[in-house]
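Peer 1: here you go, sequence then predicted model.
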Amino acid sequence: MSDTKLLTQFVESFARLEDMFAPEGVPDELLVIAETETWESWQEFPRWQPLPVETDPADLDPLYQRIGGTFPPLYEQLLLSFRWLGVDLKLIRLFANPPDNNFAGLSEAIFADRALAEVLIPAGYVPFGRSSVNYDPICFDLNARLRTGDCPVVQFEHEAILCELRIGKQRQRWDSFRDLMSEVVLLDS
């Protein structure tokens with residue numbers, strides 16, 4: 001499957017795997033507006049949708065400097081092509097990439113838990129989501145790049161990091177971000 005097709009199917013799966021209720025303060029450009037007002041649409045909570053936005057790759061440079069590396073190519077393409085809120089894809093809760101300048105919202109999510117960021121990022125693991133069932137960070141393993149530029153996706157037990165400031169149990173969840181995307185798309189079919 002081509003990268004473009006996989007990326008499109010991955011983003012389309014957001015709405016099929018989550019209700020996508022919009023929390024208060026969501027930027028208007030992410031809100032879904034009902035074309036005709038009905039009793040059902042009036043009663044529903046507002047919903048959000050991913051927003052196609054083409055972004056200059058240079059806008060990622062400040063974040064790349066903070067994490068000390070680059071994202072896998074498909075994740076980078078996702079970031080540069082779409083903006084979204086945090087979404088639970090059943091296999092992973094993907095951090096938000098909201099519409100803002102220089103990926104400030106994504107950067108805030110990556111560094112939101114200071115202890116996790118201070119232990120994982122210097123070791124070459126960049127959080128981009130959490131487990132769907134607990135607080136465990138899901139990270140790119142930048143130390144194990146594949147020839148394609150992709151890298152394994154690893155889940156870390158959060159307790160050792162938060163309580164002892166060390167990496168404890170970990171397990172590789174997917175061989176690559178491409179594999180994660182493909183599994184989400186299959187889960188949605």
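Peer 2: Received the coordinates, thanks. Residues are numbered from 1 along each chain as shown.
Peer 1: give me the pLDDT for the residue nearest to residue 23 when sequence neighbours are not counted.
Peer 2: Using CB to CB, 6 or more residues apart in numbering and skipping residues adjacent in sequence, the residue nearest residue 23 is residue 85, 7.6 Å away. For glycine as for every other residue, the C-beta is placed from the backbone atoms N, C-alpha and C. Confidence at residue 85, expressed as pLDDT, is 93.
Peer 1: what does the one 5 residues further on give?
Peer 2: The predicted local confidence for residue 90 comes out at a pLDDT of 93.
Peer 1: assumed it was part of a helix.
Peer 2: No: Residue 90 sits outside any helix when classified using DSSP: H, G, I helix; E, B strand; the rest coil, being coil.
Peer 1: with residue 122 as the reference, measure out to it.
Peer 2: Residue 90 sits 31 Å away from residue 122, going by CB to CB, to the nearest Å.
Peer 1: which of those two has more neighbours?
Peer 2: For residue 90 and residue 122, the more surrounded residue by other CB atoms under 10 Å is residue 90, and the numbers stand at 14 against 10.
Peer 1: hey, which helix is longest across this structure?
Peer 2: Determined from DSSP state H, the single longest helix within the chain is helix 3-17.
Peer 1: looks to me like residue 154 is in a strand.
Peer 2: Yes: counting by three-state DSSP, residue 154 is part of a strand.
Peer 1: just list whatever residues bridge to it.
Peer 2: Residue 154 forms beta bridges with residue 139, residue 172, as assigned by DSSP bridges.
Peer 1: sorry, back to before: isn't the residue nearest to residue 23 up against residue 26?
Peer 2: Yes: the criterion here is CB atoms under 8 Å, and residue 85 meets it with residue 26 at 6.8 Å.
Peer 1: mind listing the shared neighbours of these two?
Peer 2: residue 48 (CB atoms under 8 Å, 6 or more residues apart in numbering).
Peer 1: for these two, indicate the residue with more neighbours.
Peer 2: Taking other CB under 10 Å, residue 85 and residue 26 do not tie; residue 85 has more neighbours (23 against 16).
Peer 1: ok, now which ones touch that one?
Peer 2: So residue 85 contacts 20, 22, 23, 26, 30, 48, 96, 98 (CB under 8 Å, 6+ apart).
Peer 1: so the fifth one sits against residue 48, correct?
Peer 2: Yep, that's residue 30 we're talking about. Yes: using CB under 8 Å, residue 30 is in contact with residue 48, at 4.4 Å.
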